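> Predicted model and sequence follow; I will ask about them next.
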Amino acid sequence: MAAYADSTYYTTTYGGTAVPSGSQAAALQRASELIDTATFGRIQDVGLTGLTTNQQALVQKACCVMADDVYTGGFLQPGVVLAAGFSLGDLEIQKSADVKVIDGIPVSQRGVNLLNQTG
(Lines give C-alpha, C1' and ligand atoms only; values in the text may rest on other atoms or scores of the structure.)
Protein backbone atom coordinates (compact mmCIF):
# COMPACT_ATOMS: atom_id res chain seq x y z
CA MET A 1 0.00 0.00 0.00
CA ALA A 2 1.30 3.43 -0.89
CA ALA A 3 1.34 6.17 1.72
CA TYR A 4 -1.45 8.76 1.49
CA ALA A 5 1.16 11.53 1.17
CA ASP A 6 4.67 11.49 -0.24
CA SER A 7 7.82 13.41 0.67
CA THR A 8 7.15 16.08 -1.94
CA TYR A 9 3.68 16.73 -0.50
CA TYR A 10 5.09 16.67 3.03
CA THR A 11 7.76 19.30 2.39
CA THR A 12 6.12 21.42 -0.32
CA THR A 13 2.38 21.48 0.34
CA TYR A 14 2.26 20.71 4.06
CA GLY A 15 5.51 22.55 4.79
CA GLY A 16 6.73 19.82 7.12
CA THR A 17 10.12 20.15 8.77
CA ALA A 18 9.87 17.80 11.79
CA VAL A 19 10.77 14.65 9.85
CA PRO A 20 14.20 14.59 8.14
CA SER A 21 14.15 13.71 4.45
CA GLY A 22 15.72 10.28 5.06
CA SER A 23 12.86 9.28 7.39
CA GLN A 24 9.90 10.88 5.61
CA ALA A 25 8.86 7.87 3.52
CA ALA A 26 8.83 5.57 6.57
CA ALA A 27 7.02 8.10 8.78
CA LEU A 28 4.39 8.79 6.10
CA GLN A 29 3.89 5.05 5.56
CA ARG A 30 3.45 4.45 9.30
CA ALA A 31 1.04 7.39 9.48
CA SER A 32 -0.97 5.91 6.60
CA GLU A 33 -1.21 2.62 8.48
CA LEU A 34 -2.54 4.50 11.52
CA ILE A 35 -5.10 6.25 9.32
CA ASP A 36 -6.25 2.87 8.01
CA THR A 37 -6.62 1.63 11.58
CA ALA A 38 -8.51 4.75 12.66
CA THR A 39 -10.86 4.58 9.66
CA PHE A 40 -11.33 0.79 9.79
CA GLY A 41 -9.75 0.52 6.33
CA ARG A 42 -12.49 2.52 4.63
CA ILE A 43 -10.09 4.81 2.79
CA GLN A 44 -7.92 1.87 1.81
CA ASP A 45 -11.00 0.15 0.37
CA VAL A 46 -11.83 3.01 -2.04
CA GLY A 47 -8.31 4.37 -2.49
CA LEU A 48 -7.31 7.98 -2.11
CA THR A 49 -8.53 8.76 -5.64
CA GLY A 50 -11.97 7.39 -4.70
CA LEU A 51 -12.45 10.33 -2.33
CA THR A 52 -13.53 13.85 -3.16
CA THR A 53 -10.81 16.44 -3.72
CA ASN A 54 -11.53 17.96 -0.31
CA GLN A 55 -11.40 14.57 1.41
CA GLN A 56 -8.11 13.75 -0.34
CA ALA A 57 -6.56 16.99 0.91
CA LEU A 58 -7.75 16.31 4.47
CA VAL A 59 -6.37 12.76 4.45
CA GLN A 60 -3.02 13.89 3.04
CA LYS A 61 -2.73 16.64 5.65
CA ALA A 62 -3.72 14.19 8.43
CA CYS A 63 -1.04 11.83 7.13
CA CYS A 64 1.58 14.55 7.45
CA VAL A 65 0.42 15.58 10.94
CA MET A 66 0.54 11.96 12.07
CA ALA A 67 3.94 11.45 10.43
CA ASP A 68 5.23 14.32 12.56
CA ASP A 69 3.72 12.66 15.63
CA VAL A 70 5.17 9.26 14.76
CA TYR A 71 8.65 10.63 14.16
CA THR A 72 8.87 13.10 17.03
CA GLY A 73 7.41 10.53 19.43
CA GLY A 74 9.96 7.89 18.43
CA PHE A 75 7.32 5.49 17.09
CA LEU A 76 8.72 4.97 13.61
CA GLN A 77 9.34 1.26 14.11
CA PRO A 78 6.26 -0.99 14.25
CA GLY A 79 5.79 -2.60 17.62
CA VAL A 80 6.84 0.46 19.63
CA VAL A 81 3.77 1.54 21.57
CA LEU A 82 2.86 3.86 24.41
CA ALA A 83 0.95 2.89 27.49
CA ALA A 84 -2.08 5.13 28.02
CA GLY A 85 -0.93 5.73 31.57
CA PHE A 86 0.80 4.16 34.50
CA SER A 87 1.18 4.47 38.23
CA LEU A 88 4.08 3.72 40.50
CA GLY A 89 3.39 4.16 44.18
CA ASP A 90 1.99 7.66 44.64
CA LEU A 91 2.99 8.73 41.13
CA GLU A 92 0.36 8.44 38.41
CA ILE A 93 0.77 9.56 34.80
CA GLN A 94 -2.00 9.59 32.20
CA LYS A 95 -1.96 10.61 28.55
CA SER A 96 -2.90 14.16 27.68
CA ALA A 97 -6.48 14.90 26.68
CA ASP A 98 -5.28 16.34 23.34
CA VAL A 99 -3.64 13.05 22.37
CA LYS A 100 -5.44 10.12 20.77
CA VAL A 101 -3.86 6.68 20.88
CA ILE A 102 -4.30 4.67 17.67
CA ASP A 103 -2.90 1.17 17.59
CA GLY A 104 -0.71 2.02 20.58
CA ILE A 105 0.73 5.14 18.93
CA PRO A 106 -0.07 8.59 20.34
CA VAL A 107 -1.19 11.07 17.70
CA SER A 108 -2.36 14.63 18.14
CA GLN A 109 -6.05 15.40 18.21
CA ARG A 110 -5.37 17.68 15.23
CA GLY A 111 -4.69 14.70 12.95
CA VAL A 112 -7.81 12.92 14.17
CA ASN A 113 -9.90 16.04 13.67
CA LEU A 114 -8.75 16.24 10.04
CA LEU A 115 -9.85 12.66 9.48
CA ASN A 116 -13.20 13.33 11.18
CA GLN A 117 -13.88 16.07 8.62
CA THR A 118 -13.79 13.52 5.80
CA GLY A 119 -17.10 12.06 6.96
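Structure's in. What do you need?

> which residues sit against the lengthiest helix in the chain?
For the chain, the helix with the greatest residue count under DSSP state H is helix 53-72. Contact with helix 53-72 is made by 3-5, 9-10, 13-14, 16, 18-19, 23-24, 27-28, 30-32, 34-35, 43, 48-49, 51, 75-76, 105-108, 110-112, 114-115, 117-119, as judged by Cβ atoms under 8 Å, 6 or more residues apart in numbering. Placement of C-beta: from N, CA and C, glycine included.

> and these, which are buried?
Buried subset of the contacts of helix 53-72 (neighbour count, 16 or more other Cβ atoms under 10 Å): 3-5, 9-10, 14, 16, 18-19, 23-24, 27-28, 30-32, 34-35, 43, 48, 51, 75-76, 105-108, 111-112, 114-115, 118.

> Listing request: residues of the chain with sub-threshold pLDDT.
75-99, 104-105 (pLDDT under 70).

> What segments of the protein are strands?
Counting by DSSP state E, the segments of the chain that form strands are 85-88, 91-94, 99-102, 105-108.

> mind checking how far stretch 102-117 is from the chain centre?
6 Å (Cα atoms, centre = their mean, to the nearest Å).

> And that stretch, end to end?
17 Å (Cα to Cα, to the nearest Å).

> How about stretch 9-18?
Its start and end residues considered, stretch 9-18 measures 14 Å (Cα to Cα).

> Just the residues contacting it, thanks.
By Cβ under 8 Å, 6+ apart, stretch 9-18 touches 5, 19, 21, 24, 28, 60-61, 64, 67-68, 71-72.

> Now render those residues as a markdown table, adding distance to Thr39.
Shown next, in a markdown table, are the contacts of stretch 9-18 (distance: Cβ to Cβ, whole Å):
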| residue | distance to Thr39 |
| --- | --- |
| Ala5 | 15 |
| Val19 | 22 |
| Ser21 | 28 |
| Gln24 | 22 |
| Leu28 | 16 |
| Gln60 | 14 |
| Lys61 | 15 |
| Cys64 | 16 |
| Ala67 | 16 |
| Asp68 | 19 |
| Tyr71 | 21 |
| Thr72 | 23 |
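
> Just the closest of the residues you listed to Lys100, please.
When the contacts of stretch 9-18 are ranked by distance to Lys100 (Cβ to Cβ), Asp68 comes first, at 14.2 Å.
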